[in-house]
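*Asks:* any chance you can model this:
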Amino acid sequence: MHSVDLCRDYPRYSFFTSDNLFKVIVTQWVEIWDIRFLPFSNTMLGNNQIGIVTSMQSDVIDTVKHQEPSFMFLHYPVPHYPNIYNRKSGKLAFNRNSREGYFDNMVLADRLMGELRSEMERKGSWDRALVIISADHHWRNNTYDGQTDYEHVPFMVKLPHQNNGITYEGKFNTVLTQGLVLAVLDGNVKTPEDASLWLDENSKKSLNGKVVFSINQPDAD
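*Replies:* Model prediction:
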């Protein structure tokens, strides 16, 4: 039995868990005013998201640098709204461009993953690591062209000692992630081709091959 060495939460607002109703109401009204009437402000929402991203990334890099964790689960808040990055300037700031802002956040997510990979490579842990990158839901509010894809989320797998990559064209549900991890740890999946065959076999067993999602899922964390 292994224990958890480090578990950190980065709450969006302290007033979400506050017992002070007046504080909750005032803070929410200030945020509404901030977003709608102060066009050059970073807003409380933006500043809070920036604080979460920078604090979390600092902790992640520090953990990889000074420890040797056998398992890490990271739930980054980007590219989730609010948009807090400008890919042209490379700076963190509340981004009011509803059309391009999400893609700026995507670039920020890529940058954060790149920093993590660089530190793992420096420590010599990247090559032997199993890395899975995915999302907990689709892009609920497509502010780019309004077309919402309810079925798909990104799913990228880097196997230990992997030297080549493939694109899996079949459909599967990400509830299979746990089983895939165990298959890798058990030595049953060692190559991208093994992973592809494993998904072919197990996606047919899981939920009779049906894709399960909620169309009316609210935009909440």
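*Asks:* checking the residue nearest the centre of the chain next. Helix, strand or coil?
*Replies:* Ranked by distance to the mean C-alpha position of the chain (Cα atoms, centre = their mean), the top residue is residue 76 at 4.3 Å. At residue 76, secondary structure determined by DSSP: H, G, I helix; E, B strand; the rest coil is coil.
*Asks:* and the pLDDT for it?
*Replies:* pLDDT recorded at residue 76 is 95.
*Asks:* contact partners for it?
*Replies:* Contacts for residue 76 (Cβ atoms under 8 Å, 6 or more residues apart in numbering) come out as 53, 56, 109, 112. Quick note: C-beta positions are derived from backbone N, CA and C, even for glycine.
*Asks:* quick one: the strands in this structure, in order.
*Replies:* When secondary structure is read from DSSP state E, the chain shows strands at 85-86, 91-92, 131-134, 155-158.
*Asks:* so which of the ones you listed gets nearest residue 171?
*Replies:* strand 155-158 (11.1 Å; Cβ to Cβ).
*Asks:* elements contacting that closest one?
*Replies:* Counting contacts by 3 or more Cβ pairs under 8 Å, 6 or more residues apart in numbering; DSSP states H and E, strand 155-158 is packed against strand 131-134.
*Asks:* buried sites along the strand it packs on?
*Replies:* Using 16 or more other Cβ atoms under 10 Å as the test for burial, strand 131-134 gives residue 131.
*Asks:* who touches it?
*Replies:* Applying Cβ under 8 Å, 6+ apart, the set of residues contacting strand 131-134 from outside is 113, 153, 154, 155, 156, 157, 158, 174, 177, 180, 181.
*Asks:* now list the buried members of those.
*Replies:* Buried positions within these, assessed by neighbour count (16+ other Cβ under 10 Å), are 155, 157, 158, 180.
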